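[1] next comes the sequence, and after it the predicted model I'd like to discuss.
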Amino acid sequence: MQAAPASLFPYLWAGALVAGVALLASPLRDRLDQANIIMLFLLAVLLAAVRLGRGPGILAAFLSVAAFNFFFVHPRLTFAVSDVQYLLTFAVMLAVALITTHLTTGLRRQAEMARHRELRMTALYEMARDLSGALSLEQVDEIVRHFVRRGFQYEACLLLPDAQDGLSRFGPAPAAGIRQEPPLEPARECARSGQARNDSGWHFQPLRSPMRIRGVLALSPPAGSRQLAPEQQQLLETGASLVAIALERVHYIQVAQEIQVQMESERLRNSLLGALSHDLRTPLTALVGLADSLVLAGRLPPEEEELAQSIREEALRTSALVHNLLDMARLQSGPVALRKEWQPLEEVLGAALQARASQLARHRVQVELAPDLPLLELDAVLMERVFSNLLENAAKYTPPGSTVTIRAGRDPREADRVRIEISDNGPGLPRGRGKSLFEKFTRGRDESAIPGVGLGLAIVHSIIAAHQGRIEAGNQAGGGACFSISLPAGTPPALPQEEA
Amino acid sequence: MSPPRPPQSEGPAPVVLIVEDEPQIRRFVRAALQSEGCQTHETDSLGRGLIEAGTRKPDLLILDLGLPDGDGIELIRELRTWSCLPVLVLSARTDEADKVLALDAGADDYLGKPFGIPELLARVRALLRRARRSSDSGPIFSFGQIELDLAQRQVRRAGETVHLTPIEYRLLALLASNAGRVLTHRQLLREVWGPHYVEHAHYLRVYMASLRRKLEDDPTLPRHLRTEPGVGYRFVA
């Protein structure tokens, strides 16, 4: 005889159970009341329903009625019935057996579901506990894959944003534990839309954190498995949001570490530059002061007084160079930390004009500021350097008596920007030098008697760039150089209202 | 350059204490101050500086911020607990934050290194004048064409009354009564607007701009209401 398929066994068992009751009760049929024999059969049906499920339960119900009729109801060993009353007995017995089967299998299924739910909840709780201690992406990845394996019996992998703003699978190159690489295009679509989706045999779940979508969880169901049940779907969503929050936390841990390193290196840089500044300026201060002492004592013959004056001038020039070099070092050695504050351009410009007053003494300076010029968010000290350097250049490269014009107003082409122009009516810039002027150690005229090493404009360029601005150099139609700066206007803060 | 001015004749010679660790700088600062008629004392360390400031009773302290035995700002803080002696800070540092720190701690003015003797003497004179005047100052300040009458709360420019808002007036009065000193943004905001406004530097800048438009001949190139970029303002009489 061929072995019966596995799914038939419960039915055979049910049959055997009823047969067993019939066999057991047969010798006792004279001593036991028929009602008790019916109870025994109902017990068999109940057992079949509890242990074997709905189908075998129903089979047992029918078999029980048949067996009771056959073995215990007069005339015995036939299905014929002498007393019509037994028909009611059979009907009630069948109904009770079927209802019992129905109720017990329902209970059984609920118990089964509760057990599964508990398994998944345990998996979820364990993941939440493990994720709360996870400090690196590797740990998160490991915990997530463990969770999916336990809660769904699926394989999974994390797809995280990469440096090129795309998505890529996290982890070692030959994927451990998954059959194949997940397709990236549907994953990207999932990350873009924030909607879970099924594609090419994979299920993609977006990892949505409070701030943004932090990646995609790709699940690979074993071949031939069914779609996720609503309950599983919900579990997956809950798990995914836990993972997303863990990823966000890991992200902020990294950000905090980077900032700490950056602050540390900035502190180091500042103290180094500060020490350098101190060591270079101290002897220059002595030189300037001692030369001044010689001149002010008033006991030197005129020629020697001139020498002392020259010492003073050269020391001051060296000091300006030191200032530029230190500024350049500060601007080039990392992101520029701006101390931005909202202020009228007039004030910054005024400070620069004040600082360059002696160089501009023999020039005419015209300032034309538009009356509707908004407050600008600037680092006052650095922007003062910008205008100082541009004004110094204007003074250096134009003959005495020239006019330097400063104009500022809303940019006519871009409404959200402000345009500042510093122009002169001197000889203008050499042809074709527009861009290279802003490079380090580049000078307007290579071999000229005008002192300088060409750091001024490079500093200007770095500072403007740090303010999200642009600077262009060119010549005006009517002759003379023109530097034009474009800065974002932003939204100035409200001012207090005060009655006049 | 102008020849040294004759020693100041009014009252006894002012006493100046120089705290600076670089001997060459001490040397020319001393010579310049003596040519100005001042009596000088010198030390090269914080600890000695504080003791000398107590025993010599100077009229002015010239202090280098970068001393070998500590930060000059600590000396200022310590000094300010018992003295309102004017302090002029010399600093070779580039960072404006250091200047602000020194001024907020109670320094009156600062001079960046390198500096010339004329600059140094101008600052010294302004601080000494201020110290003397604060004892016998009348209610009227005049500078250029401007007359500020503290008693009547009036401002006149070339004889004409200038209308100022209450805040503008308070700002001007505060700056003028501290002529020669640098007041930081924080100090001005706290005095004029109150302690909750110390982060609202743009208020100050906007009012400053409107004061300049009302009082200065060329608001872009102010003569009296000078800007110290990244630090604060200085009133120059």
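    Sure thing, it's come through. Residues are numbered from 1 along each chain as shown, chains lettered A, B, ... in the order given.

[2] the nearest residue to A:P344 once chain neighbours are set aside is in what secondary structure piece?
    Residue nearest to A:P344 in three dimensions, not counting chain neighbours: B:A209, with 4.8 Å by C-beta to C-beta, 6 or more residues apart in numbering or on different chains. Glycine gets a C-beta too; all of them are placed from N, C-alpha and C. Assigned by DSSP states H and E, B:A209 belongs to helix B:201-215.

[3] for that helix, which positions count as buried?
    Counting neighbours by 16 or more other C-beta atoms under 10 Å in any protein chain shown, one finds that the buried residues in helix B:201-215 are B:201-212, B:214-215.

[4] and the nearest residue to B:W193 once chain neighbours are set aside, what does it touch?
    Among residues not flanking B:W193 along the chain, B:Y203 sits closest, at 6.3 Å (C-beta to C-beta, 6+ apart). Going by C-beta atoms under 8 Å, 6 or more residues apart in numbering or on different chains, B:Y203 touches A:L495, A:P496, B:L189, B:W193, B:Y197.

[5] look up how far B:Y197 lies from A:T491.
    As judged by C-beta to C-beta, to the nearest Å, A:T491 and B:Y197 stand 20 Å apart.

[6] no, scratch that, I was asking about B:K57
    37 Å.

[7] looking at the two, which is more packed in?
    Higher neighbour count among B:K57 and B:Y197: B:Y197, with 16 against 11, using other C-beta atoms under 10 Å in any protein chain shown.

[8] isn't that one right next to B:L189, touching?
    Yes: counting by C-beta atoms under 8 Å, B:Y197 touches B:L189, with 4.9 Å between them.

[9] circling back to that earlier point, would you mind giving me the PyMOL syntax to select the buried ones in the contacts of B:Y203?
    With 16+ other C-beta under 10 Å as the criterion, this PyMOL line picks the buried residues out of those:
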select buried, chain B and resi 189+193+197
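
[10] give me the low-pLDDT residue ranges for chain B?
    Residue ranges of chain B with pLDDT under 70: B:1-10, B:94, B:133-137.

[11] can you tell me the centre-most residue of it?
    B:R181 (2.1 Å; C-alpha atoms, centre = their mean).

[12] go on, chain A?
    So for chain A, C-alpha atoms, centre = their mean, it's A:R214, sitting 5.7 Å from the centre.

[13] find the nearest non-adjacent residue to that residue, please.
    For A:R214, the closest residue by C-beta to C-beta, 6+ apart turns out to be A:L247, at 4.1 Å.

[14] all helices of the stretch 401-500 of chain A, in order?
    Using DSSP state H, counting those that start in this stretch, the helices of the stretch 401-500 of chain A run over A:456-466.

[15] all helices for chain A, in order.
    A:9-25, A:34-52, A:54-67, A:85-132, A:137-152, A:184-193, A:230-297, A:302-332, A:345-355, A:380-397, A:456-466 (DSSP state H).

[16] my bad, chain B
    So, for chain B - with DSSP H - the helices run B:23-35, B:46-55, B:72-80, B:96-105, B:117-133, B:166-177, B:185-192, B:201-215.

[17] including distance to A:P399, could these go into CSV?
    What follows is those, written out as CSV (distance: least, C-beta to C-beta, whole Å):
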stretch, distance to A:P399
helix B:23-35, 36
helix B:46-55, 50
helix B:72-80, 45
helix B:96-105, 34
helix B:117-133, 28
helix B:166-177, 39
helix B:185-192, 40
helix B:201-215, 32
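
[18] show me what contacts residue 34?
    Just going to use chain A. A:F72, A:V73.

[19] my bad, chain B
    B:T40.
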